[in-house]
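A.B. asks: sequence unknown, structure follows:
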C-alpha cells in the first residue's frame with residue numbers, strides 16, 4: 001500500500017479505503033380509501049384528478065416477501081426468492097453513512113491483477129425520494145466544518161450529493177419501519193459501486209461486461225456489513241504498451257472472468273476522535289477540506305487510519321500513571337481454517353509480535369492472533385466484526401494487508417489480510433540468494449519447516465503492520481551503518497533495519513566470516529515500529545480535541561527525530577538514495593559491493609543447491625534468474641546517488657533544510673562503481689556450468705538488460721537537468737554534467753586508450769551508450785505534464801537548462817566521434833575496427849546533419 005491520503009472535495013469524494021452502501025429513508029404513509037359519493041356524471045368526470053403515473057404501486061409486504069424467501073438479517077436484511085434479491089432497509093439507516101468497498105476476490109491467471117486489489121471506494125447513504133422511490137446517494141459533500149460556524153450552512157446549501165441509483169419501493173415492513181426494494185438488476189449491472197471504477201477498468205484493459213457470462217454468486221448479511229460476491233466476464237483488449245497488464249487470457253480467449261466482492265459496512269454511530277496526519281510519521285490517512293469562519297483559507301484536514309484503542313474507564317488513572325492497561329476492545333486477528341496447520345503458529349506469532357509495540361503506547365495484550373473457532377457456526381469469515389488472515393491456495397506470489405477505515409475519523413473497522421500459498425516460493429528465492437552465503441539452511445531448494453515458518457512469520461508481521469495503519473518506511477534501513485551489518489554483537493542486538501515496514505528483506509551485507517545468526521539476518525518489529533505505534537495509538541487524555549493534541553504530538557515527533565532510527569523515510573521519494581526498496585545500510589555503494597561479493601560465492605553453488613531427484617533444471621533457471629535480479633537491484637540502488645536529492649520532512653519550527661543534494665564525492669563514487677561493477681563485464685555472472693543447462697543466451701541477454709537500463713537512466717534528460725540545477729545552485733561543490741559524461745565515457749570506452757580488443761559484451765555496451773546520448777539529444781521533452789516532482793512548475797530558466805542539456809549532448813557526441821575515429825584507426829583486431837568504424841559513421845550522420853542544438857523541443 002503506497003497511498004498517503006486522498007482529499008474529499010465538495011464535488012468529488014476522494015477516500016483512501018472502501019466503497020459501501022448506506023440506506024437513507026423516511027417513513028411513508030398509506031391512506032385509507034374514502035367512501036364513494038354520488039354525483040352527476042359530468043361533474044364527477046370533471047372533478048376527478050389525473051392518476052400520478054410516476055408513482056410506483058406499493059404492495060403488501062407478504063406479496064413481495066413470500067414464504068419462499070430465504071432471509072438473512074444484518075446491516076440490510078437480505079431476502080432471496082428464486083433468482084431475485086431484495087434488500088429490506090430499516091428507517092434507522094436512512095441518511096446514515098455507509099462505506100462501500102469493492103475489491104477483486106478472484107482473478108483469471110495472467111490477467112495482470114490479483115485477488116484483494118481494491119477497485120473502488122465510496123461513502124453512500126439511502127434517502128426517500130418522491131414518487132415512492134428510494135434513492136442511493138453518494139456522499140460527495142462531506143466537507144469538514146465546525147457545526148457552530150456559520151460557514152457550515154453555506155457549505156451545506158451550496159452542495160448536493162449525486163443520486164447514484166433510484167429503486168421503486170416494493171413494500172413497507174411492519175409498522176412502516178423498513179423499506180423493501182428489488183436490487184437484483186443493480187447488483188449485477190455494470191456500475192462503479194458493485195464492480196469497476198472507470199479508471200480501474202481501463203487499467204486492466206477491460207471492455208464491455210458480458211451479461212450472459214456474469215452472475216451474482218452470493219449475497220450475505222451480518223450485523224455491521226452486507227457482502228455481495230459476483231462473477232463477471234469482460235471482453236478484454238490486448239495491452240497497448242509495456243506498462244499495461246499482461247492479460248494473457250485476453251490474447252488467448254478475448255475475455256477475462258473475475259470475481260468481485262462489494263462490502264457495505266455500517267459506520268460507527270459516534271465517530272472516533274481523529275489523530276491529525278503528520279508526514280514525518282508513516283500512517284495511511286484520509287482527508288477532507290476544512291472550512292472555518294476564521295480568517296484563513298480553506299485547509300486540508302488529514303487524519304490517520306488506526307484502530308479505536310482506549311483504556312477502560314476503571315483503568316484511566318493507572319494509564320495516566322504510566323502503568324500498562326488492557327484496552328476496552330482488543331484487536332484480534334483470526335487465522336483462516338483453510339490454512340495448513342503447520343503454518344498457523346507462525347502466522348499467529350507474526351500478529352503477537354506487535355504486542356511489544358503497543359506496550360510503548362501504554363497497552364498490554366492490545367493485539368492477539370487466534371485460531372478460527374471452527375466449531376462455532378455463528379461466526380463467518382465474511383463478518384466484518386472479525387479480522388482474518390485469509391489463506392488462498394493460489395500460484396500467485398503475494399500477500400497484502402488492507403484495512404477498511406471510517407472516512408469521517410480514520411477509525412479502522414476491520415481487515416482481511418490476503419496470504420497466497422505461493423508466497424513461500426518467493427521467500428525461498430529471496431532467502432537463498434540473499435542469505436545463502438551465511439546460512440547453511442538456505443542451501444537447498446526445499447527449506448525445513450522451521451526456517452520457512454520464520455520467513456512466514458516476518459511477512460505476517462509486515463502485513464499486520466499495514467492493517468494497523470502503517471505505511472512502508474523505505475528509509476528505515478538507511479539508519480544502520482553498513483559496517484554494523486557485519487558486527488555480530490551489534491546487529492543481533494539491534495537488527496539490520498529499524499522497521500519491519502521497510503523492504504529490507506535479509507542481511508545480504510553480512511559475510512561468512514562474520515558468523516551472524518538469525519537475529520542479525522531476519523527483519524523484526526523494531527525501534528521505528530514501536531515509536532510509530534506510540535505516536536498513532538497512545539491516547540492524549542488531557543486535551544479536549546484533535547487540534548489541541550496536535551501540539552503535543554508535534555513535540556513528540558521533534559523529540560523523536562533526535563534518534564535517527566525513528567526517522568520515517570517514506571516511499572516514492574524518487575531521488576532520495578536513503579529511501580529505497582530492497583536496500584540495506586547508510587551507504588548503498590558499499591552495501592552493494594558486499595552483496596556482489598556474496599553473489600560471487602553463491603552463483604557457482606546454484607547447481608548443487610537447486611537439485612531435486614528426478615527433476616530437470618527448472619529450479620536452477622528460477623534461482624539463477626533471482627541471482628541476476630539481485631545483482632540488478634544492487635546496480636539500481638547506486639543509481640539514486642546520481643543527481644540525487646535527499647528529502648527530510650520538517651515542520652517550520654524545526655531547523656535544517658528539507659532538500660539537500662547528494663555530495664560530489666558520493667556521485668563520483670557511484671560512477672566508479674558502475675565503471676567497475678556494471679560496465680566492466682560481470683564475467684562471474686556468466687557461469688557456463690549453469691548456462692549450458694538452462695539457456696546459453698540467457699546470461700548475455702540478462703547482462704545486456706542490466707547495462708542498458710543503467711545507461712538509459714544515467715544519461716536521461718531529467719537526470720542531467722537535475723545535475724545542472726544542482727550545479728547552478730551549489731556551484732563548484734557539485735558534479736559538472738560534462739565531467740560526469742566524460743567519466744562515464746572513460747569507463748565504457750577503456751579500449752580506446754588501452755588498445756585491447758572489444759568482446760561482444762563490450763561492443764554491445766558501447767553501442768548502447770552512443771545510442772543513449774543520441775536519444776538524449778534528439779528526444780523532445782514534454783515540459784508540461786511531467787511526473788517528475790522537481791518539474792512540477794516550469795520556469796523560463798528550466799527551458800534554458802533543458803536547452804543546455806541538448807547542447808551538452810551535442811558537444812559530447814562530437815567528442816565521442818573524435819575519440820572513436822582515433823580508436824578505429826589504432827584498433828589491432830578486425831572486430832574492434834569494424835565496430836568503431838560503424839559507430840563513427842553513425843556519429844558523423846548525427847553531428848553533420850543535426851538541427852541547431854536547443855531548438856528541438
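C.D. replies: All right, it came through fine. Keep in mind it's a predicted model, so treat the numbers as computed, not measured.

A.B. asks: and the closest residue to residue 501 other than its chain neighbours, what pLDDT?
C.D. replies: Spatially, and ignoring its direct neighbours in sequence, residue 501 is nearest to residue 473 (4.6 Å; Cβ to Cβ, 6 or more residues apart in numbering). The way it works is simple: take the backbone N, C-alpha and C, and place the C-beta from them, glycine included. Residue 473 carries a pLDDT value of 96.

A.B. asks: Now do the same contact list for residue 473.
C.D. replies: 282, 499, 501, 502, 528, 532, 568, 569, 570, 571 (Cβ atoms under 8 Å, 6 or more residues apart in numbering).

A.B. asks: who does residue 216 bridge with?
C.D. replies: For residue 216, the beta-bridge partners are residue 230 (DSSP bridges).

A.B. asks: Pull up the gap between it and residue 187, please.
C.D. replies: 6 Å (Cβ to Cβ, to the nearest Å).

A.B. asks: same thing with residue 174?
C.D. replies: 25 Å.

A.B. asks: likewise residue 814?
C.D. replies: Residue 814 is 67 Å from residue 187, by Cβ to Cβ.

A.B. asks: Neighbour count for these two, which is higher?
C.D. replies: Between residue 814 and residue 187, counting by other Cβ atoms under 10 Å, residue 187 is the more crowded of the two (19 against 13).

A.B. asks: Would you list the phi and psi of residue 72?
C.D. replies: When read as degrees, to the nearest 10, the backbone of residue 72 gives phi -130, psi 130.

A.B. asks: longest helix anywhere in the chain?
C.D. replies: helix 796-826 (DSSP state H).

A.B. asks: what does stretch 450-462 contact?
C.D. replies: Residues from elsewhere that reach stretch 450-462, judged by Cβ under 8 Å, 6+ apart: 342-343, 345-347, 349-351, 353-354, 389, 399, 401, 419, 423-424, 427-428, 431, 441-442, 447, 500-501, 518, 522-525.

A.B. asks: ok now that stretch, how far from the chain's centre?
C.D. replies: Its chain's C-alpha centre and that of stretch 450-462 lie 21 Å apart, by Cα atoms, centre = their mean, to the nearest Å.

A.B. asks: ditto for stretch 820-838
C.D. replies: Distance of stretch 820-838 from its chain centroid, counting by Cα atoms, centre = their mean, is 49 Å.

A.B. asks: swap in stretch 124-131?
C.D. replies: 36 Å.

A.B. asks: Same check on stretch 365-383?
C.D. replies: Stretch 365-383 has its C-alpha centroid displaced from the chain centroid by 28 Å (Cα atoms, centre = their mean).

A.B. asks: Mind listing what's buried along it?
C.D. replies: Residues of stretch 365-383 classed as buried: 366, 367, 369, 372, 382, 383 (neighbour count, 16 or more other Cβ atoms under 10 Å).

A.B. asks: Equivalent analysis for stretch 159-176, please.
C.D. replies: Buried residues in stretch 159-176, counted by 16+ other Cβ under 10 Å: 161, 164, 165, 167, 169, 170, 171, 172, 173.

A.B. asks: Over to stretch 89-101?
C.D. replies: Buried, per 16+ other Cβ under 10 Å, within stretch 89-101: 89, 90, 91, 93, 94, 95, 97, 98, 99, 100, 101.

A.B. asks: The residue nearest to residue 501: what secondary structure?
C.D. replies: Counting by DSSP: H, G, I helix; E, B strand; the rest coil, the backbone at residue 473 sits in coil.

A.B. asks: Can you tell me how far it is from residue 430?
C.D. replies: To residue 430, residue 473 is 19 Å away according to Cβ to Cβ.

A.B. asks: Kindly report the same for residue 481.
C.D. replies: Taking Cβ to Cβ, one finds residue 481 at 23 Å from residue 430.

A.B. asks: Let me know the next secondary structure element after the helix or strand where residue 706 lies.
C.D. replies: Secondary structure from DSSP states H and E places residue 706 in helix 698-714. Counting by DSSP H and E, the next helix or strand C-terminal to helix 698-714 is helix 717-730.

A.B. asks: Follow the chain on from that following helix and name the next helix or strand.
C.D. replies: Once the chain leaves helix 717-730, the following helix or strand, as judged by DSSP H and E, is helix 737-748.

A.B. asks: I'd like the next helix or strand past that next one.
C.D. replies: Immediately after helix 737-748, counting by DSSP H and E, sits helix 751-754.

A.B. asks: pLDDT on that next one, on average?
C.D. replies: On average, helix 751-754 scores 90.

A.B. asks: What residues of it count as buried?
C.D. replies: Those would be 751, 752, for helix 751-754 by 16+ other Cβ under 10 Å.

A.B. asks: Packing partners of it?
C.D. replies: Helix 751-754 sits against helix 796-826, with contacts defined as 3 or more Cβ pairs under 8 Å, 6 or more residues apart in numbering; DSSP states H and E.

A.B. asks: Next, the angle helix 717-730 makes with the helix it packs on.
C.D. replies: 110 degrees (axes from the mean of the first three to the mean of the last three Cα atoms, to 10 degrees).

A.B. asks: tilt between the helix or strand just after helix 796-826 and helix 796-826?
C.D. replies: Next along the chain after helix 796-826, taking DSSP H and E as the criterion, comes helix 830-849. Helix 830-849 runs at 140 degrees relative to helix 796-826, counting by the same axes, to 10 degrees.

A.B. asks: helix or strand right after the one helix or strand residue 673 maps to?
C.D. replies: When elements are assigned from DSSP H and E, residue 673 belongs to helix 664-677. Next along the chain after helix 664-677, taking DSSP H and E as the criterion, comes helix 688-694.

A.B. asks: And that next one, what does it pack against?
C.D. replies: Using 3+ Cβ pairs under 8 Å, 6+ apart, the elements in contact with helix 688-694 are helix 606-609, helix 618-639, helix 698-714.

A.B. asks: need the contact list for the spatially closest residue to residue 657 that is not a sequence neighbour.
C.D. replies: Spatial nearest neighbour of residue 657, chain neighbours left out: residue 648 (7.4 Å); criterion: Cβ to Cβ, 6+ apart. Each residue near residue 648 by Cβ under 8 Å, 6+ apart is listed here: 656, 657, 658, 660.

A.B. asks: And for residue 465?
C.D. replies: 354, 401, 500, 501, 525, 529.

A.B. asks: same deal with residue 690?
C.D. replies: Applying Cβ under 8 Å, 6+ apart, the residues near residue 690 are 603, 606, 607, 620, 624, 699.

A.B. asks: Quick check: the gap between it and residue 764.
C.D. replies: From residue 690 to residue 764 the distance is 21 Å (Cβ to Cβ).

A.B. asks: separation between residue 660 and residue 726?
C.D. replies: Relative to residue 726, and taking Cβ to Cβ, residue 660 is found at 10 Å.

A.B. asks: go on, residue 559?
C.D. replies: Distance from residue 559 to residue 726, by Cβ to Cβ: 33 Å.

A.B. asks: picking that back up, list buried members of the contacts of residue 690 by neighbour count.
C.D. replies: By 16+ other Cβ under 10 Å, those give 603, 606, 607, 620, 624, 699 as buried.

A.B. asks: which of those sit farthest apart?
C.D. replies: Pairwise distances across these (Cβ to Cβ) peak at 14.4 Å, for the pair 607 and 699.

A.B. asks: That's all I had, so thanks and see you.
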